[in-house]
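S.K.: Pasting the sequence and the predicted model now:
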Amino acid sequence: MSTISRASLEEEIYLRSLTGYLVGKNLLDGFKKIAVITYPDRICSAMSAALLSSYMSVYGYKNGAGMVFAYEENKLNEISEKISKGGFDAVYISLGGEQKMSYVSETTKKITEALRRSGFNGALAIHVRAWLATKQLSNILAEKELKDYLLSLKEIRVFTADLQNKLFLFHKIKIEETPKLSKFKEEKLTDEHVKLLQISLPPPE
């Protein structure tokens with residue numbers, strides 16, 4: 001785990017339970033079957049479990065509500081094919097907690113390219129750290145094929161934080177010359193959630 005973060009591992013995992021709770025019930029609103037692609041480390045896995053639990057508690061505990069796929073670069077095509085053929089209407093990219101931001105950016109780009117090749121045409125939702133690591137998707141949009149692919153998707157969503165006002169903001173992303181955010185939900189954060197977000201920092205470049 002990053003040595004720059006002032007949060008302990010226990011605090012980092014608890015933070016993901018709080019964040020996953022809000023993401024599952026808000027960012028994933030309206031989707032029927034969720035595929036989560038997560039980096040197989042402690043923090044990202046905790047986030048993935050929390051958000052799917054929250055999603056199912058709000059939208060229904062049932063067979064096939066979601067599935068978690070652990071990121072492995074040499075299996076990415078296989079993972080993307082399973083998602084494309086598995087009837088998932090949304091993919092959530094959940095990574096960034098224990099990895100350098102440059103690596104998160106590179107990995108998000110590789111996932112997007114694999115989804116493009118597999119023909120997945122549903123909705124895409126991304127964690128705020130993937131959003132920041134890719135410089136608001138600009139690192140991906142710089143490639144025409146990937147930009148055209150993102151434009152073809154049914155929807156792209158992301159959440160951001162306004163810690164000064166103790167809010168999580170949930171947005172739909174419209175891709176123009178630069179991505180534009182359109183907020184569709186917000187939720188008030190608890191004091192402890194804000195404190196943990198303030199002391200949790202991603203690894204440096």
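M.R.: Thanks, I have the structure now.
S.K.: Helices of the protein, start to end?
M.R.: Counting by DSSP state H, one finds helices in the chain at the ranges 9-26, 42-59, 76-85, 101-118, 128-133, 138-141, 144-152, 191-199.
S.K.: remind me which residues of this protein are low pLDDT?
M.R.: Within the chain, the segments meeting pLDDT under 70 span 1-5, 202-205.
S.K.: Swap in 90 and give it another go.
M.R.: Low-confidence segments of the chain, defined by pLDDT under 90, span residues 1-7, 95-100, 176-178, 200-205.
S.K.: thinking again about what came up before, let's have the helices of the chain in CSV, adding distance to E177 and mean neighbour count.
M.R.: For glycine as for every other residue, the C-beta is placed from the backbone atoms N, C-alpha and C. Listed next are these as CSV, based on distance: least, Cβ to Cβ, whole Å; neighbours: other Cβ atoms under 10 Å:
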stretch, distance to E177, mean neighbour count
helix 9-26, 28, 20
helix 42-59, 31, 21
helix 76-85, 28, 17
helix 101-118, 19, 20
helix 128-133, 18, 22
helix 138-141, 10, 17
helix 144-152, 11, 14
helix 191-199, 30, 15
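S.K.: closest to F170 out of the ones you listed?
M.R.: helix 9-26 (4.8 Å; Cβ to Cβ).
S.K.: Could you tell me the angle between that closest one and helix 42-59?
M.R.: Helix 9-26 runs at 30 degrees relative to helix 42-59, counting by axes from the mean of the first three to the mean of the last three Cα atoms, to 10 degrees.
S.K.: chain center to helix 9-26, what's the gap?
M.R.: In terms of Cα atoms, centre = their mean, to the nearest Å, the centre of helix 9-26 is found 12 Å from the chain centre.
S.K.: name the helices or strands packed onto it?
M.R.: Using 3 or more Cβ pairs under 8 Å, 6 or more residues apart in numbering; DSSP states H and E, the elements in contact with helix 9-26 are helix 42-59, strand 155-162, strand 167-175, strand 179-188, helix 191-199.
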